[in-house]
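Student: what follows is a predicted structure for the sequence shown.
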Amino acid sequence: MDAAQLTAWLVLQAVEGVGDRTLLKLVGAFGSPERALVAPQEELIRGGCSAELAAAVRRGPDLKIRQQIDRQVKLIERLQIQVMTVLDPAYPKRLAMIHDPPPLLYYTGSLDEQDGLAVAVVGGRHATSAGRAVTEEIAKELAQGGWTIVSGMARGIDAAAHRGALAGNGRTIAVLGCGVDRTYPSEHDRLRKQIETHGAVMAELPVGSPPQSHHFPRRNRIISGLSVGVLVAEAAVSSGSLITAKLALEQGREVFALPGSVKEERCRRSNGLIKEGAMLVECAADILQALLPQVEPSWRMRMGSDALPSPFREQLAPDEQRVNEVLSYDAQSVDAVIEQTHMTAAHVWATLLSLELRGLVRQFPGQQYVRR
(Lines give C-alpha, C1' and ligand atoms only; values in the text may rest on other atoms or scores of the structure.)
Protein backbone atom coordinates (compact mmCIF):
# COMPACT_ATOMS: atom_id res chain seq x y z
CA MET A 1 0.00 0.00 0.00
CA ASP A 2 1.48 3.35 -0.99
CA ALA A 3 1.40 6.53 1.11
CA ALA A 4 -1.54 8.06 -0.77
CA GLN A 5 -3.73 4.98 -0.32
CA LEU A 6 -2.87 4.71 3.36
CA THR A 7 -3.55 8.41 3.87
CA ALA A 8 -7.01 8.03 2.33
CA TRP A 9 -7.87 5.14 4.67
CA LEU A 10 -6.67 7.09 7.70
CA VAL A 11 -8.47 10.29 6.68
CA LEU A 12 -11.79 8.49 6.22
CA GLN A 13 -11.25 6.60 9.48
CA ALA A 14 -10.64 9.92 11.27
CA VAL A 15 -13.94 11.49 10.17
CA GLU A 16 -16.18 12.16 13.16
CA GLY A 17 -18.89 9.49 13.32
CA VAL A 18 -16.99 6.93 11.19
CA GLY A 19 -16.31 3.80 13.23
CA ASP A 20 -14.91 0.54 11.88
CA ARG A 21 -18.24 -0.77 10.60
CA THR A 22 -19.14 2.53 8.91
CA LEU A 23 -15.67 2.70 7.37
CA LEU A 24 -16.06 -0.77 5.86
CA LYS A 25 -19.59 0.07 4.71
CA LEU A 26 -18.41 3.22 2.92
CA VAL A 27 -15.47 1.48 1.29
CA GLY A 28 -17.77 -1.34 0.21
CA ALA A 29 -20.29 1.08 -1.27
CA PHE A 30 -17.81 3.26 -3.16
CA GLY A 31 -14.99 0.78 -3.84
CA SER A 32 -12.25 2.66 -2.03
CA PRO A 33 -11.79 5.34 0.66
CA GLU A 34 -10.54 7.77 -2.00
CA ARG A 35 -13.86 7.56 -3.84
CA ALA A 36 -15.89 7.83 -0.65
CA LEU A 37 -14.01 11.01 0.34
CA VAL A 38 -14.79 12.76 -2.94
CA ALA A 39 -18.35 11.46 -3.38
CA PRO A 40 -21.08 14.14 -3.49
CA GLN A 41 -23.18 14.44 -0.36
CA GLU A 42 -26.26 13.12 -2.18
CA GLU A 43 -24.39 9.96 -3.21
CA LEU A 44 -23.17 9.44 0.35
CA ILE A 45 -26.75 9.62 1.58
CA ARG A 46 -27.86 7.17 -1.12
CA GLY A 47 -24.96 4.95 0.03
CA GLY A 48 -26.46 4.71 3.51
CA CYS A 49 -25.08 7.74 5.34
CA SER A 50 -27.24 10.06 7.38
CA ALA A 51 -27.27 13.70 6.30
CA GLU A 52 -25.05 14.59 9.28
CA LEU A 53 -22.51 11.85 8.51
CA ALA A 54 -22.49 12.68 4.81
CA ALA A 55 -21.71 16.32 5.68
CA ALA A 56 -18.91 15.18 8.03
CA VAL A 57 -17.37 13.03 5.28
CA ARG A 58 -17.46 15.92 2.85
CA ARG A 59 -15.77 18.21 5.42
CA GLY A 60 -13.23 15.60 6.42
CA PRO A 61 -11.13 15.82 9.58
CA ASP A 62 -9.76 19.19 10.65
CA LEU A 63 -6.30 20.45 9.73
CA LYS A 64 -4.68 19.36 13.00
CA ILE A 65 -5.82 15.76 12.52
CA ARG A 66 -4.69 15.77 8.87
CA GLN A 67 -1.25 16.91 9.99
CA GLN A 68 -1.17 14.09 12.55
CA ILE A 69 -2.07 11.62 9.80
CA ASP A 70 0.75 12.95 7.59
CA ARG A 71 3.23 12.47 10.44
CA GLN A 72 1.86 9.00 11.09
CA VAL A 73 2.29 7.94 7.44
CA LYS A 74 5.87 9.23 7.41
CA LEU A 75 6.62 7.32 10.63
CA ILE A 76 5.19 4.12 9.16
CA GLU A 77 7.44 4.53 6.12
CA ARG A 78 10.50 5.33 8.22
CA LEU A 79 10.01 2.33 10.55
CA GLN A 80 9.17 0.07 7.59
CA ILE A 81 5.91 -0.99 9.19
CA GLN A 82 3.69 -2.97 6.84
CA VAL A 83 -0.03 -2.18 6.56
CA MET A 84 -2.82 -4.23 5.05
CA THR A 85 -6.53 -3.57 4.73
CA VAL A 86 -9.42 -5.97 4.95
CA LEU A 87 -9.65 -5.71 1.13
CA ASP A 88 -6.10 -7.04 0.71
CA PRO A 89 -6.00 -10.63 -0.69
CA ALA A 90 -3.33 -11.45 1.92
CA TYR A 91 -5.55 -10.35 4.82
CA PRO A 92 -6.01 -13.35 7.19
CA LYS A 93 -9.09 -15.19 5.93
CA ARG A 94 -10.38 -16.37 9.31
CA LEU A 95 -10.07 -12.88 10.77
CA ALA A 96 -11.90 -11.36 7.81
CA MET A 97 -14.89 -13.63 8.56
CA ILE A 98 -15.61 -12.32 12.08
CA HIS A 99 -18.41 -9.77 12.35
CA ASP A 100 -16.09 -6.86 13.20
CA PRO A 101 -12.70 -7.40 11.53
CA PRO A 102 -10.17 -4.59 11.93
CA PRO A 103 -10.16 -2.49 8.73
CA LEU A 104 -6.41 -1.93 9.00
CA LEU A 105 -3.68 -4.20 10.34
CA TYR A 106 -0.19 -2.87 11.07
CA TYR A 107 2.57 -5.45 11.41
CA THR A 108 6.29 -6.06 11.52
CA GLY A 109 7.90 -9.35 10.56
CA SER A 110 6.02 -11.44 8.00
CA LEU A 111 2.72 -13.22 7.49
CA ASP A 112 2.53 -16.58 5.74
CA GLU A 113 -0.13 -18.81 4.23
CA GLN A 114 0.68 -21.32 6.98
CA ASP A 115 -0.68 -18.85 9.53
CA GLY A 116 -4.16 -19.87 8.43
CA LEU A 117 -3.64 -22.90 10.65
CA ALA A 118 -3.24 -21.24 14.04
CA VAL A 119 -3.97 -21.91 17.70
CA ALA A 120 -4.29 -19.05 20.18
CA VAL A 121 -2.75 -19.61 23.61
CA VAL A 122 -3.66 -17.14 26.37
CA GLY A 123 -3.61 -17.05 30.15
CA GLY A 124 -2.54 -15.31 33.31
CA ARG A 125 0.34 -12.90 33.60
CA HIS A 126 1.28 -14.25 37.04
CA ALA A 127 1.50 -17.90 35.98
CA THR A 128 3.10 -20.64 38.04
CA SER A 129 6.35 -22.20 36.85
CA ALA A 130 4.42 -25.41 36.16
CA GLY A 131 1.84 -23.56 34.07
CA ARG A 132 4.52 -21.84 32.03
CA ALA A 133 6.40 -25.10 31.48
CA VAL A 134 3.37 -27.06 30.29
CA THR A 135 2.20 -24.17 28.08
CA GLU A 136 5.63 -23.92 26.50
CA GLU A 137 5.71 -27.66 25.86
CA ILE A 138 2.27 -27.70 24.23
CA ALA A 139 3.10 -24.68 22.05
CA LYS A 140 6.40 -26.25 21.04
CA GLU A 141 4.75 -29.50 19.94
CA LEU A 142 2.00 -27.69 18.03
CA ALA A 143 4.60 -25.52 16.29
CA GLN A 144 6.62 -28.60 15.38
CA GLY A 145 3.46 -29.96 13.77
CA GLY A 146 3.10 -26.87 11.57
CA TRP A 147 0.63 -24.82 13.63
CA THR A 148 1.18 -21.09 14.15
CA ILE A 149 0.90 -19.99 17.79
CA VAL A 150 -0.98 -16.71 18.38
CA SER A 151 -0.84 -14.82 21.67
CA GLY A 152 -0.52 -11.34 23.14
CA MET A 153 3.17 -11.16 24.17
CA ALA A 154 2.18 -10.43 27.78
CA ARG A 155 4.08 -11.74 30.77
CA GLY A 156 3.39 -15.28 31.98
CA ILE A 157 1.42 -17.67 29.77
CA ASP A 158 1.56 -15.50 26.63
CA ALA A 159 5.35 -15.28 26.70
CA ALA A 160 5.62 -19.02 27.39
CA ALA A 161 3.44 -19.74 24.35
CA HIS A 162 5.62 -17.62 22.06
CA ARG A 163 8.82 -19.15 23.45
CA GLY A 164 7.43 -22.64 22.97
CA ALA A 165 6.67 -21.94 19.32
CA LEU A 166 10.18 -20.56 18.82
CA ALA A 167 11.71 -23.58 20.55
CA GLY A 168 9.78 -25.78 18.12
CA ASN A 169 11.21 -23.84 15.16
CA GLY A 170 7.67 -22.84 14.25
CA ARG A 171 5.80 -19.63 13.54
CA THR A 172 4.18 -17.33 16.07
CA ILE A 173 2.14 -14.09 15.95
CA ALA A 174 1.91 -11.53 18.75
CA VAL A 175 -1.11 -9.20 18.76
CA LEU A 176 -0.51 -6.01 20.74
CA GLY A 177 -2.89 -3.74 22.63
CA CYS A 178 -0.88 -0.67 21.58
CA GLY A 179 0.70 0.70 18.43
CA VAL A 180 2.91 -1.81 16.63
CA ASP A 181 5.84 0.60 16.97
CA ARG A 182 5.79 0.00 20.74
CA THR A 183 6.91 -3.06 22.69
CA TYR A 184 4.74 -3.92 25.68
CA PRO A 185 5.91 -5.02 28.17
CA SER A 186 9.25 -3.38 27.46
CA GLU A 187 11.27 -6.29 28.86
CA HIS A 188 10.03 -8.44 25.96
CA ASP A 189 12.06 -6.50 23.40
CA ARG A 190 14.33 -9.51 22.72
CA LEU A 191 11.32 -11.83 22.53
CA ARG A 192 9.70 -9.46 20.07
CA LYS A 193 12.72 -9.55 17.77
CA GLN A 194 12.63 -13.36 17.82
CA ILE A 195 8.91 -13.35 17.00
CA GLU A 196 9.48 -10.99 14.07
CA THR A 197 12.10 -13.38 12.69
CA HIS A 198 9.69 -16.35 12.90
CA GLY A 199 6.33 -14.65 12.40
CA ALA A 200 4.80 -11.25 13.00
CA VAL A 201 3.96 -8.64 15.62
CA MET A 202 0.57 -7.11 14.82
CA ALA A 203 -1.81 -4.37 15.97
CA GLU A 204 -4.91 -2.59 14.69
CA LEU A 205 -4.22 0.63 16.62
CA PRO A 206 -2.44 3.56 14.95
CA VAL A 207 1.30 3.82 15.48
CA GLY A 208 2.14 5.64 18.68
CA SER A 209 -0.97 4.39 20.53
CA PRO A 210 -0.11 3.68 24.20
CA PRO A 211 -0.97 0.37 25.91
CA GLN A 212 -4.14 1.55 27.67
CA SER A 213 -6.36 -0.92 29.53
CA HIS A 214 -9.40 -0.45 27.29
CA HIS A 215 -7.38 -1.45 24.22
CA PHE A 216 -6.80 -5.05 25.34
CA PRO A 217 -10.36 -6.46 25.41
CA ARG A 218 -10.88 -5.34 21.82
CA ARG A 219 -7.42 -6.64 20.86
CA ASN A 220 -8.49 -10.09 22.06
CA ARG A 221 -11.02 -10.54 19.24
CA ILE A 222 -8.08 -10.48 16.82
CA ILE A 223 -6.22 -13.17 18.78
CA SER A 224 -9.21 -15.51 18.65
CA GLY A 225 -10.21 -14.41 15.15
CA LEU A 226 -6.86 -15.46 13.68
CA SER A 227 -7.15 -18.93 15.19
CA VAL A 228 -8.96 -22.22 14.71
CA GLY A 229 -9.10 -22.74 18.49
CA VAL A 230 -8.10 -21.05 21.75
CA LEU A 231 -6.26 -22.63 24.69
CA VAL A 232 -6.67 -20.92 28.08
CA ALA A 233 -4.13 -21.69 30.81
CA GLU A 234 -4.06 -20.46 34.41
CA ALA A 235 -6.71 -17.77 34.15
CA ALA A 236 -7.69 -16.11 37.41
CA VAL A 237 -11.16 -14.67 38.01
CA SER A 238 -10.20 -11.25 36.62
CA SER A 239 -8.08 -12.54 33.73
CA GLY A 240 -8.50 -10.88 30.34
CA SER A 241 -8.03 -14.29 28.71
CA LEU A 242 -11.64 -15.02 29.72
CA ILE A 243 -12.69 -12.29 27.29
CA THR A 244 -10.73 -14.07 24.58
CA ALA A 245 -12.49 -17.34 25.42
CA LYS A 246 -15.91 -15.63 25.24
CA LEU A 247 -15.05 -14.03 21.91
CA ALA A 248 -13.78 -17.36 20.60
CA LEU A 249 -17.12 -18.99 21.36
CA GLU A 250 -18.97 -16.14 19.65
CA GLN A 251 -16.74 -16.59 16.60
CA GLY A 252 -17.38 -20.34 16.51
CA ARG A 253 -13.89 -21.31 17.67
CA GLU A 254 -13.12 -24.33 19.85
CA VAL A 255 -12.13 -23.43 23.42
CA PHE A 256 -9.67 -25.55 25.38
CA ALA A 257 -8.52 -25.22 28.98
CA LEU A 258 -5.44 -26.50 30.74
CA PRO A 259 -6.42 -27.80 34.19
CA GLY A 260 -4.64 -26.46 37.25
CA SER A 261 -4.65 -27.01 40.99
CA VAL A 262 -8.05 -26.53 42.61
CA LYS A 263 -6.21 -24.78 45.48
CA GLU A 264 -4.54 -22.27 43.17
CA GLU A 265 -6.37 -18.96 42.75
CA ARG A 266 -4.55 -18.39 39.48
CA CYS A 267 -6.31 -21.42 37.98
CA ARG A 268 -9.82 -20.76 39.24
CA ARG A 269 -11.39 -19.46 36.05
CA SER A 270 -9.54 -21.72 33.61
CA ASN A 271 -10.77 -24.65 35.71
CA GLY A 272 -14.20 -23.01 35.64
CA LEU A 273 -14.13 -23.02 31.83
CA ILE A 274 -13.81 -26.79 31.94
CA LYS A 275 -16.89 -27.03 34.16
CA GLU A 276 -18.70 -24.82 31.66
CA GLY A 277 -17.87 -27.07 28.72
CA ALA A 278 -14.39 -26.15 27.51
CA MET A 279 -12.37 -29.17 26.45
CA LEU A 280 -9.81 -30.28 29.04
CA VAL A 281 -6.39 -30.76 27.50
CA GLU A 282 -3.27 -32.33 28.91
CA CYS A 283 -1.08 -32.28 25.81
CA ALA A 284 -0.91 -30.92 22.28
CA ALA A 285 -2.34 -34.14 20.84
CA ASP A 286 -5.66 -33.40 22.60
CA ILE A 287 -5.91 -30.11 20.71
CA LEU A 288 -4.86 -31.62 17.40
CA GLN A 289 -7.43 -34.39 17.66
CA ALA A 290 -10.22 -31.85 18.18
CA LEU A 291 -9.12 -29.31 15.56
CA LEU A 292 -8.01 -31.35 12.57
CA PRO A 293 -11.60 -32.32 11.59
CA GLN A 294 -12.51 -28.60 11.59
CA VAL A 295 -9.84 -27.38 9.17
CA GLU A 296 -10.06 -27.38 5.41
CA PRO A 297 -9.46 -30.76 3.67
CA SER A 298 -6.36 -29.39 1.95
CA TRP A 299 -4.86 -28.54 5.35
CA ARG A 300 -5.81 -31.95 6.78
CA MET A 301 -4.06 -33.73 3.92
CA ARG A 302 -1.04 -31.51 4.39
CA MET A 303 -0.84 -31.99 8.16
CA GLY A 304 -2.10 -35.53 8.67
CA SER A 305 -3.12 -37.04 11.98
CA ASP A 306 0.48 -37.97 12.71
CA ALA A 307 1.82 -34.46 12.07
CA LEU A 308 2.32 -33.80 15.76
CA PRO A 309 5.65 -35.24 16.90
CA SER A 310 5.88 -37.02 20.22
CA PRO A 311 8.48 -35.56 22.58
CA PHE A 312 11.83 -37.17 21.92
CA ARG A 313 13.43 -38.85 24.90
CA GLU A 314 16.99 -40.11 24.73
CA GLN A 315 17.97 -43.30 26.47
CA LEU A 316 18.74 -42.27 30.03
CA ALA A 317 21.40 -43.65 32.31
CA PRO A 318 20.06 -45.13 35.59
CA ASP A 319 20.92 -42.05 37.69
CA GLU A 320 19.47 -39.74 35.04
CA GLN A 321 16.30 -41.81 35.06
CA ARG A 322 16.06 -41.54 38.87
CA VAL A 323 16.34 -37.74 38.79
CA ASN A 324 13.99 -37.40 35.82
CA GLU A 325 11.30 -39.48 37.53
CA VAL A 326 11.50 -37.31 40.66
CA LEU A 327 10.98 -34.12 38.66
CA SER A 328 7.54 -33.04 37.45
CA TYR A 329 5.92 -29.93 35.99
CA ASP A 330 5.84 -28.42 39.49
CA ALA A 331 9.17 -26.73 40.17
CA GLN A 332 11.31 -28.47 42.79
CA SER A 333 14.46 -27.35 44.54
CA VAL A 334 17.75 -29.21 44.26
CA ASP A 335 17.46 -30.11 47.97
CA ALA A 336 14.12 -31.78 47.30
CA VAL A 337 15.65 -33.82 44.48
CA ILE A 338 18.57 -34.84 46.70
CA GLU A 339 16.17 -35.91 49.45
CA GLN A 340 14.01 -38.01 47.13
CA THR A 341 16.79 -39.68 45.13
CA HIS A 342 19.18 -40.27 48.10
CA MET A 343 22.02 -39.20 45.83
CA THR A 344 24.88 -36.91 46.82
CA ALA A 345 24.54 -33.21 46.13
CA ALA A 346 27.44 -33.25 43.66
CA HIS A 347 25.92 -36.19 41.79
CA VAL A 348 22.49 -34.53 41.61
CA TRP A 349 23.99 -31.26 40.33
CA ALA A 350 25.95 -33.09 37.64
CA THR A 351 22.91 -35.13 36.59
CA LEU A 352 20.64 -32.07 36.42
CA LEU A 353 23.22 -30.29 34.28
CA SER A 354 23.36 -33.28 31.92
CA LEU A 355 19.57 -33.41 31.63
CA GLU A 356 19.37 -29.66 31.11
CA LEU A 357 21.96 -29.72 28.31
CA ARG A 358 19.93 -32.42 26.57
CA GLY A 359 16.78 -30.34 26.85
CA LEU A 360 14.99 -32.73 29.22
CA VAL A 361 14.73 -30.42 32.24
CA ARG A 362 14.54 -26.68 32.69
CA GLN A 363 15.93 -24.48 35.43
CA PHE A 364 13.93 -21.59 36.91
CA PRO A 365 15.24 -18.82 39.19
CA GLY A 366 16.09 -19.92 42.71
CA GLN A 367 17.62 -23.22 41.53
CA GLN A 368 14.20 -24.71 40.85
CA TYR A 369 13.86 -27.45 38.22
CA VAL A 370 10.97 -28.86 36.17
CA ARG A 371 10.70 -31.70 33.70
CA ARG A 372 10.24 -30.65 30.04
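Tutor: On my side now, so go ahead.
Student: rest of the way, CA atoms for contacts and neighbours
Tutor: Fine.
Student: and the next helix or strand past the helix or strand bottoming out on mean pLDDT in the chain?
Tutor: Within the chain, no helix or strand scores below helix 297-303, which has a mean of 60 by mean pLDDT, DSSP states H and E. Sequence-wise, the next helix or strand downstream of helix 297-303 (DSSP states H and E) is helix 318-326.
Student: where do the helices sit along the stretch 1-150 of the chain?
Tutor: 3-13, 20-30, 33-38, 41-46, 51-59, 63-78, 93-96, 129-144 (DSSP state H, counting those that start in this stretch).
Student: domain ranges for the chain, per the record?
Tutor: 3-78, 109-303, 318-371 (automatic domain parsing).
Student: and Gln321, what pLDDT?
Tutor: At Gln321, the model reports a pLDDT of 86.
Student: do you know how far it is from Tyr329?
Tutor: Using Cα to Cα, to the nearest Å, Gln321 is found at 16 Å from Tyr329.
Student: between those two, which one's more packed in?
Tutor: Tyr329 (18 against 13; other Cα atoms under 10 Å).
Student: roughly how far does that one sit from His126?
Tutor: Note on Tyr329: its distance to His126, by Cα to Cα, is 16 Å.
Student: and the helix or strand encompassing Ile173, what other elements does it pack with?
Tutor: For Ile173, the host element (DSSP H and E) is strand 172-175. On a contact count with 3 or more Cα pairs under 8 Å, 6 or more residues apart in numbering; DSSP states H and E, strand 172-175 meets strand 148-151, helix 157-167, helix 189-197, strand 199-203, helix 215-225.
Student: please identify the most buried of these.
Tutor: Comparing these by mean neighbour count (mean count of other Cα atoms under 10 Å), strand 148-151 comes out on top with a mean of 30.
Student: ok, the most centrally placed residue in the chain - contacts?
Tutor: Nearest residue to the geometric centre of the chain (Cα atoms, centre = their mean): Ser151, 1.9 Å. Applying Cα atoms under 8 Å, 6 or more residues apart in numbering to Ser151 gives the contacts Ala120, Val121, Val122, Asp158, Ala159, Ala161, His162, Thr172, Ile173, Ala174, Val175, Ile223.
Student: what about it, distance to Pro206?
Tutor: 20 Å.
Student: could you do Arg71 as well?
Tutor: For Arg71, the distance to Pro206 - Cα to Cα - is 11 Å.
Student: those two: who's more crowded?
Tutor: Neighbour count, other Cα under 10 Å: between Arg71 and Pro206, Pro206 has more, with 19 against 12.
Student: what distance do you get for the more buried one to Gln332?
Tutor: 45 Å.
Student: can you check Arg192 too?
Tutor: Distance from Arg192 to Gln332, by Cα to Cα: 30 Å.
Student: isn't Arg266 right up against Gly123?
Tutor: No: using Cα atoms under 8 Å, Arg266 is not in contact with Gly123; the gap is 9.5 Å.
Student: right, I'll leave it there.
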